[in-house]
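>>> Fold the following, please.
(chains A, B and C)
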Amino acid sequence: MEWEDHEDYLRIFAPKAFSFKENIGYLSRSADECMFSISDEKIYRALALQNETVVVEISSEGDRILFVRFLSGAAQDARAEVARYIWEWFDLDTNLESFYQLTKNDPLLHEPTAKFYGLRNVGLPDLFEALAWGILGQQINLSFAYTLKRRFVEAFGKKVDHYWLFPLPETIARLQVDDLAALKMTQKKAEYLIGVARLIESNELSKEKLLEADFKTAEKMLVNIRGIGPWTANYVLMRCLRYPSAFPIDDVGLQNAFKLTLGYDEKPTKAEIRQYAEHWRGWETYATFYLWRMLY
DNA sequence: AACCAGGGAAGAT
DNA sequence: ATCTTCCATGGT
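Model prediction:
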């Protein structure tokens, strides 16, 4: 991690193949997002750290240096924690150069990788947030998913200045199914969310445990949880745990992105998707992420 | 106003 | 192992 602490601000030096503009563009894709806001090419959000809560403003100097100001909070030890969070959020440990090398002649990926050069898998570092977003998003369109997330966050999260912190698992673990169903999600979703919150609260499930396992083992650990099938498991393996080979192959967005990018009239079959994906073995996460980006 | 969306569970084959 | 049905809401 490369960064400088200047007390009232931080500078974070992104690696090659990073474009602040592309990442801002990605983060601006939904007007209904409630976990951060973007205005004038700057990102604003609250972060819950070990010992305090801070509000940060993230802008850029050029396209490779992230410039972080603290709008509230930021004791000495918090600043390194913020730098680490942002480093992870933008997936700055990944070297994208070999991905670009691999895809520059790929019939499907050459277009998205050229168009969105420097885009990162801007993830969901918090495991409960990633799982909850996956569960909330099951079987509904994206706009309703954002509506549900907003209701969930505003009902059970915490507001810091103008910004929301995602609900904590210990809060959700204590709810009844009806408390969540009142937000107009299905009874099942309410059950799944409470179940996952309880597993995290009891530490039976944690990011650390999932990261100790290899990809296939972590996938099995997740799929064994009620409410988490292959789609949600791979979504979380991609966006939170950052296994490079995660691949939600049944995702309808992925099928639509194939259709759009290849100019097909019909969605591709699973076999076709597998065939294309052979070329990007080890980079399925980034391939999926760039293909999704084609859709909005 | 009927019908569809779409991932997961549960039950059936 | 693979299939069918159900969930329950918002969008069309």
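>>> Show me which residues of stretch A:196-214 are buried.
Residues of stretch A:196-214 classed as buried: A:196-201, A:205, A:207, A:210 (neighbour count, 16 or more other Cβ atoms under 10 Å). For glycine as for every other residue, the C-beta is placed from the backbone atoms N, C-alpha and C.
>>> now for it, what's the gap between its first and last residues?
21 Å (Cα to Cα, to the nearest Å).
>>> Keeping just the C-alphas, turn stretch A:238-247 into CSV.
Extracted in CSV, the C-alpha atoms of stretch A:238-247 (Å, rounded to 0.1, in the frame of the first residue of the first chain):
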residue,chain,number,x,y,z
MET,A,238,-16.3,-11.5,-6.2
ARG,A,239,-17.2,-8.3,-4.5
CYS,A,240,-16.1,-8.9,-0.9
LEU,A,241,-13.6,-11.7,-0.7
ARG,A,242,-12.1,-10.9,-4.1
TYR,A,243,-11.4,-14.4,-5.3
PRO,A,244,-10.3,-13.8,-8.9
SER,A,245,-12.1,-16.9,-10.2
ALA,A,246,-15.6,-16.2,-8.7
PHE,A,247,-18.2,-16.4,-11.5
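>>> contact partners of it?
A:91, A:94, A:121, A:123-127, A:129-131, A:207, A:210-211, A:215, A:218-219, A:234-235, A:237, A:248, A:277, A:281-286, A:288-289 (Cβ atoms under 8 Å, 6 or more residues apart in numbering).
>>> For PyMOL, write the selection for the buried entries among these.
Only the buried members of the contacts of stretch A:238-247 end up in this PyMOL selection, burial being decided by 16+ other Cβ under 10 Å:
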select buried, chain A and resi 91+94+121+123+124+125+126+127+129+130+131+207+210+218+219+234+235+237+248+277+283+284+285+286+288+289
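>>> Just the ones of the contacts of stretch A:238-247 in helices?
Using DSSP state H, the members of those that fall within helices are A:127, A:129-131, A:207, A:210-211, A:215, A:218-219, A:234-235, A:237, A:277, A:284-286, A:288-289.
>>> restrict these to contacts with DNA strand C.
Restricting the ones in helices among the contacts of stretch A:238-247 to those near DNA strand C by Cβ under 7 Å from any atom of the strand leaves nothing, as none qualifies.
>>> How about the residue of the stretch 151-296 of chain A found nearest DNA strand C, nearest residue that isn't a chain neighbour?
With distances taken as Cβ to the nearest atom of the strand, the stretch 151-296 of chain A approaches DNA strand C most closely at A:Gln187, which sits 3.0 Å away. Among residues not flanking A:Gln187 along the chain, A:Ala181 sits closest, at 5.4 Å (Cβ to Cβ, 6 or more residues apart in numbering).
>>> my guess is that neighbour meets A:Ala190, correct?
Yes. Look at A:Ala181 against A:Ala190 with Cβ atoms under 8 Å: they come within range, at 4.7 Å.
>>> who's in contact with A:Gly282?
A:244-245.
>>> after the helix or strand hosting A:Arg84, next one along is what?
When elements are defined using DSSP states H and E, A:Arg84 is found to belong to helix A:76-89. Using DSSP H and E, the helix or strand that follows helix A:76-89 in sequence is helix A:97-103.
>>> Provide a list of residues in contact with A:Asp179.
A:Ala190.
>>> Is there a neighbour count for whatever residue of the stretch 1-150 of chain A ends up closest to DNA strand C? I'd like the number.
Sorted by distance to DNA strand C under Cβ to the nearest atom of the strand, the residues of the stretch 1-150 of chain A start with A:Phe144, at 4.1 Å. As a burial measure, the neighbour count of A:Phe144 was computed by other Cβ atoms under 10 Å and equals 15.
>>> Please apply the same query to A:Phe116.
For A:Phe116, the number of neighbouring residues by other Cβ under 10 Å comes to 18.
>>> I figured it hits A:Leu291, correct?
No. With contact defined as Cβ under 8 Å, A:Phe116 does not reach A:Leu291; the gap is 10.3 Å.
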